[in-house]
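Peer 1: Compute the structure for the input listed below.
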Amino acid sequence: MGLFSIFSKKQQKEDLEKGLEKTKQNVFNKLTKAIAGKSRVDDDVLDNLEEALVMSDVGVQTTLKIIKRIEERVERDKYLGTAELNALLREEIEALLLENNTSDGEDFELPANKKPYVIMVVGVNGVGKTTTIGKLAYNFKKAGKSVILGASDTFRAAAVDQLTIWADRVGVPIVSQGMDADPASVAFDTLKSAIAQQKDVVIIDTAGRLHNKVNLMNELTKIKRVMQKLIPDAPHEILLVLDASTGQNAIEQARHFIAATEVNALALTKLDGTAKGGVVIGISDTFKIPVKYIGVGEKMQDLQIFNRKSFVESLFG
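Peer 2: Predicted coordinates for the structure are as follows:
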């Protein structure tokens, strides 16, 4: 590993720790309160820990699962001091994320046999969807990949304009037909251009409205069907972007989109501005869909590949 790579990894770790600082303080304050005056993990400590995790937006069902695992460890080990609780939490949460197929990714790599690799991005307006696409394009380009964007969110003129600004900022081409164009037609033309230009990555934006799930489902299904005329297994990744700062509301948004289309990857944005970072754990566990990207700041490089070990270490380290 070269000196630049070592510096880059160190910077990423620092950015992650800084981005999770509010959540970490929130969790630690509650953990400290949970074990105050206690020398070992007993029922009172577990009750307080349960409350701490729920209040950190881990979610009720996921919290109960974590508490049950810790109870089993306490029963098995017979005596467990409160000093060991932090390490135990790290182990159990990391194991939970692993079970939910969340990886230890580090770099913006792509499958060797998928060219172009097609990502269809979904999510409600306001969660940072367009910004995430821009940051994805930047990071793939930085990793040496050629990228093209498709402006298939034609419901809002602002969406097309914003994506065009990001394309110019990053220095990647964009296929756009303006507002009210057929989203599937834009996606088709984007893939056609990607194939002709031998691009590595295609990122397709889609509309973020949720007022009518039937229309949303029909639109996303049509986009997929049209893309498959050119690339039979496209899209390879259906990425749902969620705003971590909305906590449990993000889980409800996820339910809608997962019902509407075959989401197979998650991106959690705005982790740096919230104390609700525990929602990453809850969402991953609730839907058994891997968290692939997290946003921990405003800079283009602040969209990171999610690494469960680094995440847990930064949260509980």
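Peer 1: Now for Ser176: which residues touch it?
Peer 2: By C-beta atoms under 8 Å, 6 or more residues apart in numbering, the contact list for Ser176 reads Gly150, Ala151, Val160, Leu163, Thr164, Val186. Where C-beta positions appear, they are placed from N, C-alpha and C, glycine not excepted.
Peer 1: at 6 Å instead, please
Peer 2: Under the criterion of C-beta atoms under 6 Å, 6 or more residues apart in numbering, the contact partners of Ser176 comprise Ala151, Val160.
Peer 1: With Gly128 as the reference, measure out to it.
Peer 2: In this view, Ser176 and Gly128 are 20 Å apart by C-beta to C-beta, to the nearest Å.
Peer 1: In a helix, Leu268, correct?
Peer 2: No: when DSSP: H, G, I helix; E, B strand; the rest coil is applied, Leu268 is found to be strand, with no helix at that position.
Peer 1: What about it, how many residues nearby?
Peer 2: By the measure other C-beta atoms under 10 Å, the count of residues near Leu268 is 28.
Peer 1: Correct me if wrong: it contacts Val280.
Peer 2: Yes: under the criterion of C-beta atoms under 6 Å, Leu268 is in contact with Val280, at a separation of 5.3 Å.
Peer 1: What is the neighbour count of Pro111?
Peer 2: Other residues lying near Pro111 total 9 when counted by other C-beta under 10 Å.
Peer 1: repeat for Ile204
Peer 2: As a burial measure, Ile204 scores 29 neighbours (other C-beta under 10 Å).
Peer 1: from the chain's centre, how far out does whichever strand or helix holds Lys292 sit?
Peer 2: Applying DSSP states H and E as the criterion places Lys292 in strand 291-295. Using C-alpha atoms, centre = their mean, to the nearest Å, we find the averaged C-alpha position of strand 291-295 to lie 3 Å away from the chain's own average C-alpha position.
Peer 1: ok, Ser245 - contacts?
Peer 2: The neighbours of Ser245, taking C-beta under 6 Å, 6+ apart as the test, are Lys270, Gly273, Thr274.
Peer 1: Need phi/psi at the spatially closest residue to it that is not a sequence neighbour.
Peer 2: Once its chain neighbours are removed from consideration, Ser245 has its nearest residue in Thr274; the separation is 3.7 Å (C-beta to C-beta, 6 or more residues apart in numbering). Summarising the backbone geometry of Thr274 under the convention degrees, to the nearest 10, its torsions are phi -140, psi 160.
Peer 1: mind checking pLDDT for Thr274?
Peer 2: As summarised for this prediction, Thr274 has a pLDDT of 81.
Peer 1: related to what we said a few turns ago, give me the helices and strands touching the strand holding Lys292, please.
Peer 2: Using 3 or more C-beta pairs under 6 Å, 6 or more residues apart in numbering; DSSP states H and E, the elements in contact with strand 291-295 are strand 265-269, strand 303-305.
Peer 1: For the spatially most central residue of the chain, name its beta-bridge partners.
Peer 2: Nearest residue to the geometric centre of the chain (C-alpha atoms, centre = their mean): Ala267, 1.9 Å. Beta bridges link Ala267 to Val241, Tyr293, judged by DSSP bridges.
Peer 1: Quick check: what element follows the host helix or strand of Val74 along the chain?
Peer 2: Taking DSSP H and E as the definition, Val74 sits inside helix 60-77. Once helix 60-77 ends, the next helix or strand along the chain (criterion: DSSP H and E) is helix 85-99.
Peer 1: elements contacting that next one?
Peer 2: Counting contacts by 3+ C-beta pairs under 6 Å, 6+ apart, helix 85-99 packs against helix 279-287, helix 308-316.
Peer 1: next one: phi and psi at the closest residue to Glu109 other than its chain neighbours?
Peer 2: Spatial nearest neighbour of Glu109, excluding adjacent residues (C-beta to C-beta, 6+ apart): Ala143 at 7.2 Å. Its backbone dihedrals place Ala143 at phi -80, psi 0, with angles given as degrees, to the nearest 10.
Peer 1: Ok, Asp200 next?
Peer 2: Here is the backbone geometry of Asp200 (degrees, to the nearest 10): phi -90, psi -40.
Peer 1: so the nearest residue to it once chain neighbours are set aside, which of the three states?
Peer 2: Setting aside the residues directly before and after it, Asp200 is nearest to Lys145 in space (C-beta to C-beta, 6+ apart), at 4.0 Å. For Lys145, the reduced secondary structure class is coil; criterion used: three-state DSSP.
Peer 1: Give me the pLDDT value at Lys145.
Peer 2: Looking at Lys145, its pLDDT stands at 96.
Peer 1: From Ile119, how far off is it?
Peer 2: Applying C-beta to C-beta, the value for Lys145 to Ile119 is 12 Å.
Peer 1: same question, Leu85
Peer 2: Taking C-beta to C-beta as the measure, Leu85 falls 39 Å from Ile119.
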